[in-house]
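Engineer: predicted model, plus sequence, below.
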Amino acid sequence: MLILCSVGGVQSQSITVNRQMDRYKVPRIAFINKCDRTGANPLRVAGQLRDKLKQNAVMMQVPIGLEGDLKGVVDLVTMKAVYFEGENGEVIREDEIPANLMDECEAKREELLDAASMFSDELMEAVLEGTPSPEMIRAAVRKGTIGLEMTPVFIGSAYKNKGVQVMLDAVNLYLPNPKEVENTALDLDKNEEEFAVSNDPDDKLISLAFKLEEGRYGQLTYIRIYQGTMRKGDTIVNSRDGRKVKIGRLVRMHSDEMEDIEMAHAGDIVALFGIDCASGDTFTSPDIAVSMSSMHVPAPVISLSISPVDNKAQVNMSKALNRFTKEDPTFRTFVDHETNETIICGMGELHLEVYIERMKREYGAQVEVGAPQVAYRETITQRAEFNYTHKKQTGGSGQFGRVAGYMEPLEEGNYEFVDNIVGGAIPREYISSCDKGFQKSLEKGGLAGAQVNGVRCVISDGAFHAVDSSDVAFQLAAIGAFKEGYMKAKPVIMEPIMKVAVEGPTEFQGGIMGSINQRRGMIIGTAEEGNYTVVEAEVPLSEMFGYSTVLRSLTQGKAEFTMEFATYRPVPKGVADEIIKKAKADKEKK
């Protein structure tokens, strides 16, 4: 269900949700909400669905009145007017279409029939003969929706339940039931070979924990069952760590109410109590080793150091971080062994601010927060040769290993290791040691100590000693070879670029664009929607700290912005020099 605002239309968050739906091949229907607000224009929003989101959006309804006069909708399948009466729109009344809307409804119905008939020959023949039935139309729309080739559009206002009941009927009519969706899992016994789950309740159990919640009785784990049957008292296995868990209490959630149940089948969403797990864990029957395909989790782009003010805060902070990392795969935490500071990482300034606030509010953990740190990356720009010999002689056996080859930029991916050794120049048992050494070198680059991405390391020659060569010797040789070749390969520093959308009154458009340009931003486009302007741009994350305060003062508090990670790009030379200088100063302090 893609929910849109009839005034704001397709916003940056709508684009993000739509991209996620495309990534996971989720069939969707669109609901244009808030049609009772001033400035509501559902037809404009449907046009944006086509132009901005590239959806084959087809109106299934026409509004009867708009803004303060919204009374109901016309169902274009049955060609009946549906009114929502009573204090909360709970009384539904069907009637004839108002005469003043008949021409518009017939035109929109023609568009619906044209679009739906592409998915049904039977409907196309019926349209030509002038006898299409509601059942034929619904079947064709359902086929197009499930095939991701059509997006039915419904309208209404959730505030007064206008159009909501019809929209819920549409969920049953047009969206797939669990058995009609193909979900894939990985067989851990067959080298993570992908296969389609059966959705059969009689097969072995496969389920996914997708949400965690701290409830009145401990951790509440929401689980979606993809295959098999889950029963109270059953023993299930967490495929991530192999731990067995006995199901003590199985509940079905109705908002904040719980209904105890004895069993649940494939397609059900249920909740379990008292299970220690993380979001994204797979639970299966004990006799199979399977993991559901994991969702795409982007790497963090910003980090902060936090330190507790006292011992009590230390204990509470640990509890909070343990829970938050289980709940949210994009939130990560670790201890920097050089500074002994706790570092939290996430997808943006606001993301981390929310967790710090929750830490204080829910756990009473008072913490001091350091300055935000941007997750820079390093990469190489050209091919470079290396030929390094690691030799160390101490009492007894020493260390010896020679590694030769080259490194070059990798177009896709973070790292690739290629073994071109022939003739046993490096014994087979030490090839993996070279790989480990290169991977260790990627953790900190030679420019600013940032993680290195986009490198292919190829080894083509080497040498060993029958006594002195070892796993450690070849790891150290690979680390030395990487350092030797890295600076020859002309490394550059990459910075995270954020996709930013600023929405504000048109009168402030010039000031908004100026503030983006001052932050090394690149404006992608602007769109005017009534008295408001939306400016879309790509801006380095390092320049976005504190932007909300600047934007508020610039627009008298009338503008707002959203941002999400877009990509990594090289930083300008002047900025790179500053980053390197700061990294050296920080290293000297340590």
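Structural biologist: The structure has been received and is ready for your questions. Numbers count the residues shown, from 1 in each chain.
Engineer: for the closest residue in space to residue 499 that isn't next to it in sequence, which three-state class applies?
Structural biologist: Nearest non-adjacent residue to residue 499, counting by CB to CB, 6 or more residues apart in numbering: residue 566, 4.2 Å away. (Glycine included, C-beta is placed from N, CA and C.) The assignment at residue 566 comes out as strand when based on DSSP: H, G, I helix; E, B strand; the rest coil.
Engineer: contacting residues around residue 566?
Structural biologist: With contacts defined as CB atoms under 8 Å, 6 or more residues apart in numbering, the neighbours of residue 566 are 497, 498, 499, 538.
Engineer: and the gap between it and residue 275?
Structural biologist: 37 Å (CB to CB, to the nearest Å).
Engineer: go on, residue 318?
Structural biologist: Applying CB to CB to residue 318 and residue 275 gives a distance of 20 Å.
Engineer: point out where the stretch 401-550 of the chain drops to low pLDDT.
Structural biologist: For the stretch 401-550 of the chain, the stretches with pLDDT under 70 are 530.
Engineer: tell me where it has helices.
Structural biologist: With DSSP state H, counting those that start in this stretch as the criterion, the stretch 401-550 of the chain has helices at 431-441, 471-488, 509-517, 547-554.
Engineer: of all those, which one is nearest residue 53?
Structural biologist: helix 509-517 (23.7 Å; CB to CB).
Engineer: about what we covered before: which of residue 318 and residue 275 has more residues huddled nearby?
Structural biologist: A direct count of neighbours by other CB atoms under 10 Å for residue 318 and residue 275 places residue 275 higher, at 22 against 15.
Engineer: was I right to think the more buried one contacts residue 219?
Structural biologist: Yes: the pair residue 275 and residue 219 qualifies as a contact (CB atoms under 8 Å) at a distance of 6.8 Å.
Engineer: and residue 505, bridged to which residues?
Structural biologist: With DSSP bridges applied, residue 505 shows beta-bridge pairing to residue 532.
Engineer: before we move on, what about residue 499?
Structural biologist: Here residue 499, judged by DSSP bridges, has bridge partners residue 538, residue 564.
Engineer: all helices in the stretch 1-150 of the chain, in order from the N-terminus.
Structural biologist: With DSSP H, counting those that start in this stretch as the criterion, the stretch 1-150 of the chain has helices spanning 12-23, 42-51, 102-116, 121-129, 134-146.
Engineer: pick out the shakiest of the ones you listed, pLDDT-wise.
Structural biologist: Among the helices of the stretch 1-150 of the chain, helix 12-23 has the lowest mean pLDDT, at a mean of 78.
Engineer: okay, angle between that one and helix 42-51 too, please.
Structural biologist: Following axes from the mean of the first three to the mean of the last three CA atoms, to 10 degrees, one obtains 50 degrees for the angle between helix 12-23 and helix 42-51.
Engineer: and stretch 108-117, how far from the chain's centre?
Structural biologist: Relative to the centre of its chain, stretch 108-117 is centred 34 Å away, using CA atoms, centre = their mean, to the nearest Å.
Engineer: sorry, back to before: pipe the helices of the stretch 401-550 of the chain into JSON lines and attach distance to residue 154 and mean neighbour count per row.
Structural biologist: Listed next are these as JSON lines, based on distance: least, CB to CB, whole Å; neighbours: other CB atoms under 10 Å:
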{"stretch": "helix 431-441", "distance to residue 154": "51", "mean neighbour count": "20"}
{"stretch": "helix 471-488", "distance to residue 154": "57", "mean neighbour count": "21"}
{"stretch": "helix 509-517", "distance to residue 154": "33", "mean neighbour count": "17"}
{"stretch": "helix 547-554", "distance to residue 154": "34", "mean neighbour count": "14"}
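Engineer: so which of those comes closest to residue 49?
Structural biologist: Across those, residue 49 has its closest neighbour in helix 509-517 (24.8 Å, CB to CB).
Engineer: just want the angle from that closest one to helix 547-554.
Structural biologist: If you take the same axes, to 10 degrees, helix 509-517 sits at 150 degrees to helix 547-554.
Engineer: so which elements touch helix 509-517?
Structural biologist: Counting contacts by 3 or more CB pairs under 8 Å, 6 or more residues apart in numbering; DSSP states H and E, helix 509-517 is packed against strand 492-505, strand 522-529, strand 532-540, helix 547-554.
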